[in-house]
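S.K.: predicted structure and sequence below. I'll ask about it afterward.
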Amino acid sequence: MSTETAAETLDVKGQNCPMPVIKTKGVFDDLAAGEVLEVVATDSGSVSDIAGWAESTDGAELVDQEEATEGGEDVFKHYVRKTE
């Protein structure tokens, strides 16, 4: 994510649905408007889950999603901005 700097990173690696979304919501609620939360997950389902959560949540904007490999495992990085 080149242009955004995450205010906070949430590591939910090894956790499966629905935990990444539940934990994302918990941390997201504490952000200030304009801040970006980076969520790092290993559950491939988190791509659609977090996108759907952001779409249905007032004040949440999905900025970017990336797939990477770290330590030989696939990780999915989600960037969500609090807009209000």
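M.R.: Ah, there it is.

S.K.: which residues of this structure fall in helices?
M.R.: For the chain, the helices defined by DSSP state H occupy 19-28, 46-56.

S.K.: now those helices in a markdown table, with distance to Tyr79 and mean neighbour count?
M.R.: For the C-beta atoms, the positions are set from N, CA and C on the backbone; glycine is no exception. Formatted as a markdown table, those follow (distance: least, C-beta to C-beta, whole Å; neighbours: other C-beta atoms under 10 Å):
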| stretch | distance to Tyr79 | mean neighbour count |
| --- | --- | --- |
| helix 19-28 | 11 | 18 |
| helix 46-56 | 10 | 17 |
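
S.K.: and of those helices, who's closest to Lys82?
M.R.: Lys82 sits nearest to helix 19-28 of all the helices of the chain, at 6.4 Å, using C-beta to C-beta.

S.K.: which neighbouring elements make contact with that closest one?
M.R.: When contacts are defined as 3 or more C-beta pairs under 8 Å, 6 or more residues apart in numbering; DSSP states H and E, helix 19-28 sits against strand 8-12, strand 36-41, helix 46-56, strand 73-82.

S.K.: mind putting the ones you listed in TSV, mean pLDDT included?
M.R.: Output for the helices and strands packed on helix 19-28, formatted as TSV (pLDDT from 0 to 100):
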stretch	mean pLDDT
strand 8-12	97
strand 36-41	97
helix 46-56	97
strand 73-82	96
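
S.K.: returning to that earlier point: let me have the helices of the chain in a markdown table, extended by distance to Asp11.
M.R.: Below are the helices of the chain laid out as a markdown table (distance: least, C-beta to C-beta, whole Å):
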| stretch | distance to Asp11 |
| --- | --- |
| helix 19-28 | 9 |
| helix 46-56 | 12 |
